[in-house]
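In: Model the following, please.
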Amino acid sequence: MNLKQILLISIGLFVSSSAYNQDIHFTNYSYAPLYLSPAKTGSFLGSTRFGANFREQFSSFIVNPYQTVMGYADMSFGVGFKPHHWIGAGINVFTDKGGDLDFQNNGIHLSLAYHLALDPKYKTIITLGFQYGVNQRNINPNNYSSEETIRGNTDPDRDLLLDFKPTTGDLNVGVAIKKWTSKNAYLDVGASLYHIVESEYTFSGSTTQNPVSRRLNVYGEYHIQTNKLLAIKPRVVYSRMINFQNLFGQFNMEYRLNKKSTTVLKGGIGYRADDAIQFLVGAVYKGWDVGLAYDFTVSSAARHTNNYGGIEIGIKKILVSKKPPIIKPVVLCPKL
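Out: Predicted structure coming up:
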């Protein structure tokens with residue numbers, strides 16, 4: 001086996017490993033709902049929703065930390081087989097990069113979900129969601145270094161990275177059930193499967209296939225409105241991709257300043273298994289919902305990260321379309 005073959009295999013293993021570890025995850029999925037499940041598309045009280053999220057991880061000990069930027073928008077349409085059914089449609093766009101080679105994954109996905117209420121009072125809602133898009137990966141060859149480049153010489157193996165821009169299709173599905181357990185509480189559970197069609201990509205001059213394996217997301221959320229001012233929202237999220245898994249639980253609260261105020265203060269705490277304690281704060285002001293999440297590393301990696309895991313900033317807004325009622329004119333016949 002020559003040096004070129006060893007280099008190709010090494011890069012392939014590095015990128016495959018990075019892809020598994022780098023597959024996007026968040027601490028607060030409230031600001032990235034369409035990435036948690038396609039069934040979240042159109043699942044909100046309003047007509048239009050849009051938002052964005054930024055996450056940075058491991059900046060305390062690597063030069064090029066993992067950074068994720070995601071934006072989305074979705075709408076709900078009051079059409080379906082029955083009056084209490086509706087359709088959600090949306091778009092999700094993201095870019096994610098990190099590591100010494102700036103390994104980057106860009107994606108754009110279109111979502112469609114059908115929400116089926118089992119009764120006119122919307123006490124039980126079943127949702128099926130579908131998502132299709134494309135992902136493109138690339139590497140920054142300018143960050144490549146070897147014994148030759150350190151000496152100031154040209155390394156022909158660097159050219160192997162110049163044409164690395166594989167584009168793959170992506171198909172995702174999700175299912176969710178929302179059940180009102182009382183007048184002031186409901187349970188929302190769901191599961192989604194990402195990368196159903198396991199695509200593959202290769203490097204120039206290599207026959208080694210690098211697979212994009214399936215990812216499973218499972219979540220459960222319970223919303224309790226204890227009174228007119230306070231709401232409690234515990235949440236559990238589990239993700240698995242090959243042998244990599246992510247499990248965390250959170251206890252979130254929302255407090256309205258007074259009965260007439262639209263300003264809401266938000267806070268919560270969570271724990272990601274074998275990894276980090278999560279701290280969450282946020283507020284809703286004039287319809288704008290902003291949240292901050294911080295991961296405090298408590299695993300063995302803490303000695304390298306100084307307990308710093310990652311930080312997230314999210315923002316979203318829901319618009320309500322107020323259509324004037326259509327009033328049919330009534331012609332009164334004058335009495336003769």
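
In: Helices of the stretch 201-336 of the chain, start to end?
Out: The residue ranges that make up the helices of the stretch 201-336 of the chain, judged by DSSP state H, counting those that start in this stretch, are 302-305.

In: what about it, any weak spots by pLDDT?
Out: Under the criterion pLDDT under 70, the flagged ranges of the stretch 201-336 of the chain are 203-207, 322-336.

In: Give me the neighbour count for residue 271.
Out: One way to gauge burial is a neighbour count; for residue 271, by other CB atoms under 10 Å, it gives 16. In this view, the C-beta of every residue, glycine as well, is placed from N, C-alpha and C.

In: Can you give me the distance of it to residue 225?
Out: Distance of residue 271 to residue 225, computed by CB to CB, to the nearest Å: 25 Å.

In: the helices in the stretch 51-200 of the chain, which residues?
Out: 147-150.

In: show me what contacts the closest residue to residue 132 other than its chain neighbours?
Out: Across the structure, with CB to CB, 6 or more residues apart in numbering as the measure, the residue nearest residue 132 apart from its sequence neighbours is residue 171 (5.4 Å). Contact criterion CB atoms under 8 Å, 6 or more residues apart in numbering gives 130-132, 195-197 as the residues in contact with residue 171.

In: Give me the residue at the spatial middle of this structure.
Out: The residue lying closest to the centre of the chain (CA atoms, centre = their mean) is residue 35, at 3.2 Å.

In: so it touches residue 24, yeah?
Out: Yes: counting by CB atoms under 8 Å, residue 24 is a contact partner of residue 35 at 6.5 Å.

In: Touching both of those two, which residues are there?
Out: Shared contacts of residue 35 and residue 24, counting by CB under 8 Å, 6+ apart, come down to 70, 94.

In: List phi and psi for residue 298.
Out: The phi and psi torsions at residue 298 (degrees, to the nearest 10) take the values phi -120, psi 0.

In: Next up, the contacts around it.
Out: Residue 298 is in contact with 275-277, 307, counting by CB under 8 Å, 6+ apart.

In: Greatest separation within these: which pair is it?
Out: Farthest-apart pair in those is 275 and 307; separation 11.5 Å (CB to CB).

In: Spell out which residues are contacts of both of those two.
Out: 297-298.

In: re earlier: tell me if I am right that the residue nearest to the centre of the chain is in a helix.
Out: Yes: in this structure, residue 35 lies within a helix as judged by DSSP: H, G, I helix; E, B strand; the rest coil.

In: Run through the bridge partners of residue 194.
Out: Residue 194 forms beta bridges with residue 215, as assigned by DSSP bridges.

In: Touching, it and residue 239? I think so.
Out: No: Residue 194 sits out of contact with residue 239 when judged by CB under 8 Å, with a separation of 9.2 Å.

In: need the contact list for residue 50.
Out: Residue 50 sits in contact with 71-74, 316-317, where contact means CB under 8 Å, 6+ apart.

In: which one of those residues sits closest to residue 215?
Out: residue 72 (17.9 Å).

In: Name the nearest residue to that closest one, ignoring sequence neighbours.
Out: When the adjacent residues along the chain are set aside, residue 72 lies closest to residue 92, with 4.5 Å between them (CB to CB, 6+ apart).

In: Distance of the one you found relative to residue 307?
Out: Between residue 92 and residue 307 the computed distance is 32 Å (CB to CB).

In: which one of the two has more residues nearby?
Out: The residue with more neighbours, out of residue 92 and residue 307, is residue 92; 23 against 16, by other CB under 10 Å.

In: Report the contact partners of that one.
Out: 34-35, 70-72, 107-109, 111, 131, 133.

In: Widest-spaced pair of those residues?
Out: Of all pairs drawn from the contacts of residue 92, the one with the largest separation by CB to CB is 71 and 131; the distance is 15.2 Å.

In: Give the residue from those two that has the larger number of neighbours.
Out: When residue 71 and residue 131 are compared for neighbours, residue 131 comes out ahead with 26 against 16, by other CB under 10 Å.

In: Check the gap between the more buried one and residue 123 for me.
Out: Taking CB to CB as the measure, residue 131 falls 27 Å from residue 123.

In: Kindly report the same for residue 166.
Out: 47 Å.

In: So for the two, which residue has more residues nearby?
Out: Under the neighbour definition other CB under 10 Å, residue 166 and residue 123 were set side by side, and residue 166 has more, 16 against 13.

In: And that one, how far from residue 150?
Out: In this structure, residue 166 and residue 150 are separated by 28 Å, where distance is defined by CB to CB.

In: Repeat that for residue 49.
Out: Computed with CB to CB, the distance linking residue 49 and residue 150 is 50 Å.

In: The two - which one has more neighbours?
Out: Taking residue 49 and residue 150 together and counting by other CB under 10 Å, residue 49 has the greater number of neighbours (25 against 9).
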